[in-house]
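**Student:** A structural model of the following input is requested.
(2 chains)
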Amino acid sequence: MPTTLDQIYENRKAKVIDVQGGQGIRQRLSQMGIHPGDTITILRCGALRGPILIEVHGSQVALGRGIASRIIMEELE
Amino acid sequence: MRIVLAGQPNCGKSTLYNSIAGYKAITSNFPGTTVKFTETRTHILGYTCNCIDLPGTYSLTAGDAAELEARRYLLSGEVDVIINVVDSSLLIRSLELTLQLLELEVPMVLCLNMMDEAQRKGIQIDIQKLSNLLGIPVIPAIATTGKGLRELFMEVLRVWEKKIKGKTQKFSKDIEEIIDQFTSQLKSEWLIEEKVTFRFLAIKLLENDQFFINEIKQSGDHLSQAKLFQERLEQIHGVPSDEVISSERHALAMKLFEQVSTVIHPPKKDIRIAIDHWVMHKFFGYLILAAIFYGFFNFIFGIGGYIEEPLMELFNQWIGGLEEVFGKGSLALFLSKGVLQGIAGGIAIVLPYLVPFLIGLSILEDIGYLPRVAFLMDVFMHRIGLHGKSIIPLILGYGCSVPAVMATRILEFPQHRFIVSILTTMIPCAARITIIFALVAFFISPNAALAVFALNILVVAVSGKILSTFYPEASNLGLILEIPAYQFPVLRNTLKKSWYRIREFIVIAWPILIVGSALLALMEYGGVEKYIDWFISPLTHLLGLPVSVGTTLIFGLLRKELSMIMLTQALGTTQVLTVMTKTQIMVFTIFVTFYIPCLATIAALWREIGKKGALLAILFTLSVAIILALFTHIFLGIIL
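**Tutor:** Just a heads-up that it's a prediction; the model follows:
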């Protein structure tokens, strides 16, 4: 069931389905190694709706909630 | 020969550069330490060459100002050899940039840095195979220890002599067809001589790269052609054309990675993950953050105060002795006293606090703690209209405002850069921290100094809020920040970096201090000082300060340390408490902490955010300083 990145709990893995937004946000994310089809591990969610720390292709990236809510994901078992 | 170090942020370019150039570029463990290029002339195996350290860039599609600088240089057509530095432990993502650099068709060498890190992750890379696939030499290296660098430069010479440009990796067949058609069309109709290849240009236009799109805008034909080809790509793949290309590149990088690397064992259990569990914890993370900064504060004050006291006493004896040597009221006495006070200020007041502070800051930077602070503080930064990344320039501001203003280049939005640039100048730099320590902590109490820092943070936050309401169009896109793995600081590099910054004080600021102090003594002798004091007296009266501190405030515009050192000169004693009340010390410190940035910072502001921005910063900080100092004056007057 598709959801968005900010809805996934810590320590879960999920696959990127799509990035909603313009060229700017798409490019920033693809530069950090986040593209549709990639598998992401959600490492931790910051306090008070703080940023979300994910791991993708071996590197750790912090994403603000605003961006996370634009990344459509599919949770993996 | 012009050799350029290019690579993604935090892959170790500057560390590599330093091992060639001696310590000339600041290195740290956070993405975006280098925000402008540094160049050095060096001799490699008998050749003279210019070696350029570029800011890190994730791709050739520039995002922030630092990336733009890197890209401008790479596309300038003046590069003879590229050393593409990659973090071996992040090979997939790194290869995406490598693929783009290959498209430039410039002689290139791939330097696999941080091989130790890759091994820890259990990744084994078939270097020969990677070299064959890319068509360029691939050299493993560990820049922090200098391992592999000799081989690297031998290969640099070889690719330069033989013009080894590597193999441009091919996209899927249908995309290649479109690129080919577009390339040949550009070739036949292009009139201007370009510094990049037509294939590169075609790909960039297909990616809808704003820089190149703007460049061809004048000729409507090319633009409509580009749009036509973009549409064709979009029709075939069903997604925007830039996504088609970036996905393709990503797939190519994945394929390369799979071909050349094998995972020989699962990643070694990494204590760093356990550390991050606490350091980035929802609750304990903030506790640790507070503890680190509180500990840091006590560390500096402990060391500084311990050294300042006996040294000051010694100098006071000497200064007292001068009167016997030169006689009362003589020019020689004034002059020698001024010079000696300048020297004393450097040794006894500034250095005892500056050295431990800069070493401590270097360690925090090199470990990789700053991006974690950005993560933790993101929520709060949002409250004032910024995001977490802005905390990095602000923390650097505690070192020196000039690099802090430059560091705003890591921010994506001009509005953020503008606001953060002004805010960084309000953060007390090492010089002002010295003033806070040497005046408030030393003469009043360490807790009072802590209160000054707390007030400062509060004021910066409120100022951020105020400024961001004036510049509200800042996008709410939010934080995208790589959090690099912790690195154990290499002692040699940490010390070199601290020395690099301390030297800046010794060779630039200190002579100014001595000259300034002597000048003030002369002015005192000639009676000129009185006129300046008179000129500033409306302000000093307003704030209830001794009139004689007026001149020091003017000198403080040159270097902030001058305000402190010349204070003792202006007051005629180092026993400040005999001539100033505690309230006056507090008011003076708070005014000096916030008022107009020093000349070097104003110049940096001018460069980074323009004349208007610099002017606004001056007016803004001056008003904040006056309001706060006045408030302190009134408030302390009531309670004390």
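**Student:** Using the three-state scheme, assign the residue of chain A positioned farthest from its centre.
**Tutor:** Distance from the C-alpha centroid of chain A peaks at A:L48, with 17.9 Å (C-alpha atoms, centre = their mean). Following DSSP: H, G, I helix; E, B strand; the rest coil, A:L48 is assigned to coil.
**Student:** ok, it touching B:M377?
**Tutor:** No - under the criterion of C-beta atoms under 8 Å, A:L48 is not in contact with B:M377, lying 11.4 Å apart. Heads up, the C-betas are built off the backbone N, CA and C, glycines and all.
**Student:** Which residue is the nearest non-sequential neighbour of the closest residue to chain B within chain A?
**Tutor:** Chain B sits closest to A:G64 of chain A, with a gap of 2.6 Å, by C-beta to the nearest C-beta. Once flanking residues are discounted, A:G64 sits nearest to B:G478: 2.6 Å by C-beta to C-beta, 6 or more residues apart in numbering or on different chains.
**Student:** May I see the buried residues of the worst-scoring helix or strand of chain A on mean pLDDT?
**Tutor:** None of the helices or strands of chain A scores lower by mean pLDDT, DSSP states H and E than helix A:23-31, at a mean of 87. Within helix A:23-31, the residues that count as buried by 16 or more other C-beta atoms under 10 Å in any protein chain shown are A:Q23, A:I25, A:R26, A:Q27, A:R28, A:L29, A:S30, A:Q31.
**Student:** Over to stretch B:253-272?
**Tutor:** Quick answer for stretch B:253-272 (16+ other C-beta under 10 Å): B:A253, B:M254, B:L256, B:F257, B:V260, B:S261.
**Student:** Return the residues in contact with B:G464.
**Tutor:** By C-beta atoms under 8 Å, 6 or more residues apart in numbering or on different chains, the contact list for B:G464 reads B:I384, B:G385, B:L386, B:I419, B:L423.
**Student:** Looking at pLDDT only, which of the residues you listed scores worst?
**Tutor:** For the contacts of B:G464, the minimum pLDDT belongs to B:G385; the value there is 82.
**Student:** Would you mind confirming that that one makes contact with B:L423?
**Tutor:** No - using C-beta under 8 Å, B:G385 makes no contact with B:L423, being 11.0 Å away.
**Student:** more neighbours, the two?
**Tutor:** A count of neighbours by other C-beta atoms under 10 Å in any protein chain shown puts B:L423 above the other of B:G385 and B:L423, at 27 against 21.
**Student:** which residues does that one contact?
**Tutor:** B:S390, B:L394, B:G397, B:V460, B:S463, B:G464, B:L467.
**Student:** Following element in sequence after the helix or strand that contains the second one, please.
**Tutor:** Using DSSP states H and E, B:L394 sits within helix B:391-396. Reading on from helix B:391-396 to the C-terminus, the next helix or strand found by DSSP H and E is helix B:401-407.
**Student:** ok, back up a step: from the buried residues of helix A:23-31, which are also near chain B?
**Tutor:** A:Q23, A:I25, A:R26, A:Q27, A:R28, A:L29, A:S30, A:Q31 (C-beta under 8 Å from any C-beta of the partner chain).
**Student:** Hmm, the first one is touching B:D242, no?
**Tutor:** What it means is A:Q23. Yes - between A:Q23 and B:D242 there is a contact under C-beta under 8 Å: 5.5 Å.
**Student:** for the residue nearest to A:G64, what are its contacts?
**Tutor:** So B:G478 contacts A:P51, A:L63, A:G64, A:R65, A:G66, A:I67, B:H382, B:H387 (C-beta under 8 Å, 6+ apart).
**Student:** So it: helix, strand or coil?
**Tutor:** Three-state call for B:G478 (three-state DSSP): coil.
**Student:** List, one by one, the residues from the stretch 201-350 of chain B near chain A.
**Tutor:** Counting by C-beta under 8 Å from any C-beta, the stretch 201-350 of chain B sits next to chain A at B:N208, B:P240, B:D242, B:E243, B:S246, B:S247, B:H250, B:M280, B:K282, B:F283, B:G285, B:Y286.
**Student:** most surrounded residue in these?
**Tutor:** That'd be B:M280 among those, by other C-beta under 10 Å, with 26 neighbours.
**Student:** What's the local residue count around B:E189?
**Tutor:** 11.
**Student:** check contacts around it.
**Tutor:** Remark: with contacts taken as C-beta under 8 Å, 6+ apart, B:E189 is in contact with B:D221, B:H222.
**Student:** now the strands: where do they sit in the chain?
**Tutor:** Picked chain A for this. Using DSSP state E, the strands of chain A run over A:2-4, A:13-19, A:39-45, A:52-56, A:59-63, A:71-75.
**Student:** nope, chain B
**Tutor:** Using DSSP E, strands in chain B cover B:2-7, B:38-44, B:47-53, B:81-87, B:108-113, B:123-125, B:138-140, B:261-263, B:480-483.
**Student:** out of those, nearest to B:I554?
**Tutor:** strand B:38-44 (33.8 Å; C-beta to C-beta).
**Student:** and the closest one, what does it pack onto?
**Tutor:** helix B:13-21, strand B:47-53, helix B:149-162 (3 or more C-beta pairs under 8 Å, 6 or more residues apart in numbering or on different chains; DSSP states H and E).
**Student:** now it against strand B:2-7, angle please.
**Tutor:** Strand B:38-44 and strand B:2-7 meet at an angle of 120 degrees, taking axes from the mean of the first three to the mean of the last three C-alpha atoms, to 10 degrees as the criterion.
**Student:** related to what we said a few turns ago, so can I have CSV of the buried residues of stretch B:253-272 showing pLDDT and distance to B:F505?
**Tutor:** Formatted as CSV, those follow (pLDDT from 0 to 100; distance: C-beta to C-beta, whole Å):
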residue, pLDDT, distance to B:F505
B:A253, 95, 45
B:M254, 94, 49
B:L256, 96, 47
B:F257, 95, 46
B:V260, 95, 48
B:S261, 93, 46
